[in-house]
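Participant: sequence and predicted model, in that order:
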Amino acid sequence: MKRKQRYYEAMQVKARSDEYLSDTLWRIEREFVKRALEDHDGARAKTAEFLGVTREGLYKKMVRFELE
């Protein structure tokens, strides 16, 4: 599957009626980070560069999203 398609699908997350916007955005961002890590074989430096964040920022996201 093409990389663009994988990220487009991550944005197809639907809000739940019992969920706040912040929760929906959390799920979308988590999916983006998860897919980016998968696409870069877990290489944090490459993933951080791809996402436009520092390695420390990526690490913090991984902890927040429980992706360690």
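Facilitator: Received the coordinates, thanks. Numbers count the residues shown, from 1 in each chain.
Participant: span of stretch 61-68 from start to end?
Facilitator: End-to-end distance for stretch 61-68, by Cα to Cα, to the nearest Å: 10 Å.
Participant: check this protein for its longest helix and report it.
Facilitator: Ranked by residue count and defined by DSSP state H, the top helix of the chain is helix 21-39.
Participant: mind listing what's buried in the helix or strand following it?
Facilitator: Downstream of helix 21-39, the first helix or strand assigned by DSSP states H and E is helix 44-51. By 16 or more other Cβ atoms under 10 Å, the buried positions in helix 44-51 come out as 47-48, 51. All C-beta spots, glycine's among them, are computed from the backbone N, C-alpha and C.
Participant: now residue 33. Nearest residue, chain neighbours left out?
Facilitator: residue 61 (5.3 Å; Cβ to Cβ, 6 or more residues apart in numbering).
Participant: elements contacting the helix or strand where the one you found lies?
Facilitator: Residue 61 belongs to helix 55-64 when elements are defined using DSSP H and E. Other helices and strands packing on helix 55-64, by 3 or more Cβ pairs under 8 Å, 6 or more residues apart in numbering; DSSP states H and E, are helix 21-39, helix 44-51.
Participant: least reliable of those helices by average pLDDT, please.
Facilitator: Per-segment mean pLDDT for the helices and strands packed on helix 55-64 reaches its minimum on helix 21-39, at a mean of 91.
Participant: so residue 44 makes contact with residue 57?
Facilitator: No - look at residue 44 against residue 57 with Cβ atoms under 8 Å: they stay out of range, at 10.5 Å.
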